[in-house]
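> Predicted model, plus sequence, below.
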Amino acid sequence: MHASPPLRKQAGLALAFLLIAAMAEAIEPADDSYLAELIRRAAAAKLSEERYWHLLLHYRQNLTGGYTSEQDDPGFFLATNGKIDPRAELEATLAQFFSTELVGRSRQPAQCAFIARYQWLKERLSFDERRLRPQPCDRFQAWLGEMNPQSISLIFPSAFMNNPASMFGHTLLRIDQKGQTEQTRILAYTINYAADVPPGEGVLFAVRGIFGSYKGYFSTIPYYLKVKEYRDIENRDIWEYRLTFSEGQIRRMLMHAWELGNASFDYYFFKENCSYHLLSLLEVADPALSLTDHFLLWTVPADTVRLVTRQPGLVGEIAYRPSRSTQIRRKRATLSEEERRWMERIMQDPSLSRSDEFRRLSTERQAFVLDLTSDYLRYRSATEEEKAESYKEKNRSVLVARSELKIQSPDFRVQPFASAPEQGHKTSRAGIGFGWRNDDTYEELAIRAGYHDLLDPEIGYTPDAQIELLSAKFRHYNRKDQTRLEQFTFANVLSLSPMDALFNTPSWKISAGTQTIVHNQCTLCTNWNLNGGIGAAAETTLLRREVYFAFAEADANYSQAYDERHRVGGGGTIGMLGDLADRWRLIVSGSYLRYALGEQSDDFRWFVGQRYTLGQNLAVRLEYNHRDHDDDVVFAVQAFF
Amino acid sequence: MRKVAVLAVALALVCLGATGALAKPASAKLNADSGPGCGLGKMAWQGYKQQKNIGPQILMGITNQWFPPFNQSFGISYETSGCTNDEKLWAEEQATMFAAIDFENLSQDMAQGGGEHLASLATLLGVPAEHQAEFFAMTQERYTSLVQSGDASPVALVKALHEVMAAHPVLAKVSTAR
């Protein structure tokens, strides 16, 4: 069928008209004059120099006065030199807002991919919606709806000594949902920043991690997965700090988190790690907070927790979620002798949980014993992979018997062993002291980068665990009139795990560094030392709490004081630590080492150390070191910063 | 001593985070563009057409340590194709995923007649807070058969829960089976 020529012409005209109208419609958003006007106004208002713009783009000032963004994904910037030019980036961003082109890693229009920038600029420049059309951001809205935010919590899983990546703890944020109860908070989503480490990296991953060759990403893992990981598998206590952000602040933070879906940062274990980038999110929520500036060289998660809790009015309610092993220890302490025996027998033979003899206990006590037994069987199945199946099987029988009791377990309040991390001392330490060594006296200056040793005030730290990194002591000997680097420690790590009927984790220690020794003809000689040992610990509660330990160890030394300049051998250490009073701690230890390689010799050493806590970040110490014919007593005042 | 050697080198590491260095699937490409538009789950389900096997696979991933095989599913990245507007289906998926990942905690809670894991599942299944005590009592009563379903698959567990709820005099009425 053909339309008559005039009609066709009319239709053609109409079509042309429509096309022009449509083109005008399409062109209108790219209104060059309006863009130019916006850029002019932004420049006049110096928006690209504002703190909020710098926060959104993660700009940090250089030594030369310029800016560089910590963000390392080119998809995060809309100007080619956006990483180093805040103003160019702002102008390119304004231009891109006129387009529907899909940008960034997440392939969305710029208004949606960078929604926090859009909302901020829209507010600051009062966009005319007829000349710069707002575009719908359905994906963002769906995501935000799923998050359903009510408030934000800072989550701190405490340190875990037996995984090197977790020795200092971890932090993440939880987006508490509207209508969430104490019972359902595990359903909330989290904002987690972690490095993406390929498998099988082994030792190399440490080296690569330090130099930032991994990518770090944000993700929104449901909290129940994190709880499973930390509480159930790694046995870490978790602390939850509810932050008092307003609805607008939370929305700002989530808009920026959404933008970070376009982003990856080079992950630096020391500084630009999980905790550091979470702080930057908190700053976006409330630009009046100044958090990231506090960390120049490294960011220790516990330090960030202390910093956040120190901000006036920022932290509301604090909740504690005990690890499974903490739960087991606390519950077991309430068992009677008879109940303890039942627990042990049922662990061997779960069918006893249905025996008449066991059923002579009250139903409540039966339930308590079975709950604890089930917790313990789950602990064992998580820590001993090779026997996991048999523990799971036993747990199943125990739970069947438990379900037959038909009562609900009452809440059991678990008290933490490591008290609130926010009350702990800061992690860097400096000290000044004086002492006597043999027939000389000296003054001493000491400094330590991190983190905590067995004599430091224990509040807020994992008990019986020590990590010392990069510590140096300088002394001036008065009679000899000599100033020297007395001691340098690269690392000195020690983990004591008291054993008992239920827990049998070994203790271990490792250290590397230098000391000053008196040996043979040399009165003050530098000795390079490497020491590692494995052992066992036990605890009593005679006075307060005492821990006893014994190690078998290997020891290697290099010094010109030795014949052949070195000696290598092995031996053992025994000792104890305990609190004599609230603030007063004592450690005593003795070692015997015999060297078979290099200079053949042996060593007896004694150490007695005492610490008295003066304040959260202040302590005094008195230490006595004996080694062969070398006696050394030092008194020092130490401050944490 | 190998552990000690690794420790010695890795001493200085600060919160590498959850990812763990030791056991992550080789194909994991965090934050790939195919992430879940609606918050969770798309990738987790994509790979498991045979839903019967989801439970064991996910649980294996977790008990083999550190992290489930769908780490990348939770990257903040987005593609609409993963989203569903079908709220009922979505609620069902969330419940099933939760049942898969948290099955061990859930079975403990069911035997003990309550707990936060079970309360959370009840919430996902649309049981209002004031009637969760009935839900707890019911799951304790039917512990053995529910756990058997859970052993088969999380899908079977959620289905079995729906069935017993439908047969329950109170829960059948109050549940806002979404």
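Alright, I've got the coordinates. Predicted model only: the values in this text are computed from it and were never measured.
> who's in contact with the residue nearest to A:P222 when sequence neighbours are not counted?
Nearest residue to A:P222, sequence neighbours excluded (C-beta to C-beta, 6 or more residues apart in numbering or on different chains): A:Y189, at 5.7 Å. All C-beta atoms are positioned from the backbone trio N, CA, C, and that covers glycine. Neighbour list for A:Y189: A:E146, A:M147, A:R174, A:I175, A:Q177, A:T220, A:I221, A:P222, A:Y223, B:G39, B:L40 [criterion: C-beta atoms under 8 Å, 6 or more residues apart in numbering or on different chains].
> Need these in CSV (columns: secondary structure, neighbour count and pLDDT).
Putting the contacts of A:Y189 into CSV (DSSP: H, G, I helix; E, B strand; the rest coil; neighbours: other C-beta atoms under 10 Å in any protein chain shown; pLDDT from 0 to 100) gives the following:
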residue, secondary structure, neighbour count, pLDDT
A:E146, helix, 20, 82
A:M147, helix, 21, 86
A:R174, strand, 25, 96
A:I175, strand, 24, 95
A:Q177, strand, 19, 94
A:T220, coil, 26, 82
A:I221, coil, 23, 83
A:P222, strand, 23, 87
A:Y223, helix, 24, 93
B:G39, coil, 25, 35
B:L40, coil, 24, 37
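> that older thread, who's the residue nearest to A:P222 bridged to?
In this entry, A:Y189 is beta-bridged to A:I175, A:P222, by DSSP bridges.
> secondary structure class for B:K88?
Using DSSP: H, G, I helix; E, B strand; the rest coil, the structure places B:K88 in helix.
> ugh, wrong one, I meant A:E553
The assignment at A:E553 comes out as strand when based on three-state DSSP.
> With adjacent residues omitted, what lies nearest to it?
Computed as C-beta to C-beta, 6+ apart, the closest residue to A:E553 that is not its neighbour in sequence is A:G533, at 3.0 Å.
> And the pLDDT at residue 15?
I'll assume chain A. Looking at A:L15, its pLDDT reads 53.
> Please refer instead to chain B.
At B:C15, pLDDT is 49.
> quick one, domains of chain A?
If you go by automatic domain parsing, the domain ranges for chain A are A:27-136, A:144-321, A:324-403, A:424-640.
> How confident was the prediction at residue 4?
Reading this off chain A. Model confidence at A:S4, given as pLDDT, is 43.
> let's do chain B instead
Reading off the model, B:V4 has pLDDT 38.
> With B:F67 instead?
Turning to B:F67, the model gives it a pLDDT of 30.
> Got phi/psi on the residue in the stretch 201-350 of chain A that chain B sits nearest to?
Chain B sits closest to A:G261 of the stretch 201-350 of chain A, with a gap of 3.5 Å, by C-beta to the nearest C-beta. With angles defined as degrees, to the nearest 10, A:G261 sits at phi -60, psi -20.
> quick one: pLDDT of A:E384?
Here the pLDDT value assigned to A:E384 is 87.
> residue ranges with poor pLDDT in the stretch 451-600 of chain A?
Within the stretch 451-600 of chain A, not a single segment meets pLDDT under 70.
> near chain B, which residues of it?
Near chain B, the residues belonging to the stretch 451-600 of chain A are A:I467, A:L469, A:A491, A:V493, A:W508, A:I510, A:A512, A:G532, A:I534 when assessed by C-beta under 8 Å from any C-beta of the partner chain.
> From the contact counts, what lies against the helix or strand containing A:V398?
Assigned by DSSP states H and E, A:V398 belongs to helix A:388-403. For helix A:388-403, the elements it packs on are helix A:363-383, helix B:103-112, helix B:143-152, judged by 3 or more C-beta pairs under 8 Å, 6 or more residues apart in numbering or on different chains; DSSP states H and E.
> And the next helix or strand past the helix or strand bottoming out on mean pLDDT in chain A?
In chain A, the helix or strand scored least confidently by mean pLDDT, DSSP states H and E is helix A:5-27, which has a mean of 50. Later in the chain than helix A:5-27, the nearest helix or strand by DSSP H and E is helix A:32-44.
> Quick one: distance of stretch A:338-357 to the chain centre.
40 Å (C-alpha atoms, centre = their mean, to the nearest Å).
> and what of stretch A:265-284?
From the chain centre to the centre of stretch A:265-284 is a distance of 11 Å (C-alpha atoms, centre = their mean).
> Pull out the buried residues from that stretch.
A:265-284 (16 or more other C-beta atoms under 10 Å in any protein chain shown).
> of these, list those near chain B.
Within the buried residues of stretch A:265-284, those near chain B by C-beta under 8 Å from any C-beta are A:F269, A:F270, A:N273, A:C274, A:S275.
> Generate TSV for those residues, with distance to A:R306 as supplementary columns.
Formatted as TSV, those follow (distance: C-beta to C-beta, whole Å):
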residue	distance to A:R306
A:F269	20
A:F270	18
A:N273	16
A:C274	16
A:S275	11
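> which one among these gets closest to B:V127?
Nearest to B:V127, judged by C-beta to C-beta, of these is A:C274 at 35.6 Å.
> and A:G261, how many neighbours?
The local packing of A:G261 (other C-beta atoms under 10 Å in any protein chain shown) involves 25 other residues.
> wait, it sits on A:S106?
Yes - using C-beta atoms under 8 Å, A:G261 makes contact with A:S106 at a distance of 5.2 Å.
> Give the bridge partners for A:E443, please.
A:F434, A:H476.
> Torsion angles phi and psi at A:N273?
According to degrees, to the nearest 10, A:N273 has phi -110, psi -170.
> Is A:A92 inside a helix or a strand, and which specific one?
Per DSSP H and E, A:A92 falls inside helix A:86-96.
> mind checking how far the next helix or strand after that helix is from the chain centre?
The helix or strand immediately downstream of helix A:86-96 is strand A:102-103, counting by DSSP H and E. Between the centre of strand A:102-103 and the centre of its chain there are 34 Å (C-alpha atoms, centre = their mean).
> Strand partners (parallel or antiparallel) of strand A:102-103?
Strand A:102-103 is paired, per DSSP bridges, with strand A:108-109 (antiparallel).
> Can you get me a residue count around the nearest residue to B:A99 once chain neighbours are set aside?
Excluding the flanking residues, the one nearest B:A99 by C-beta to C-beta, 6+ apart is B:P154, at 3.9 Å. Applying other C-beta under 10 Å, we find 26 residues neighbouring B:P154.
> so B:P154 touches B:Q94, yeah?
No - at 11.2 Å, B:P154 does not count as touching B:Q94 under the criterion of C-beta under 8 Å.
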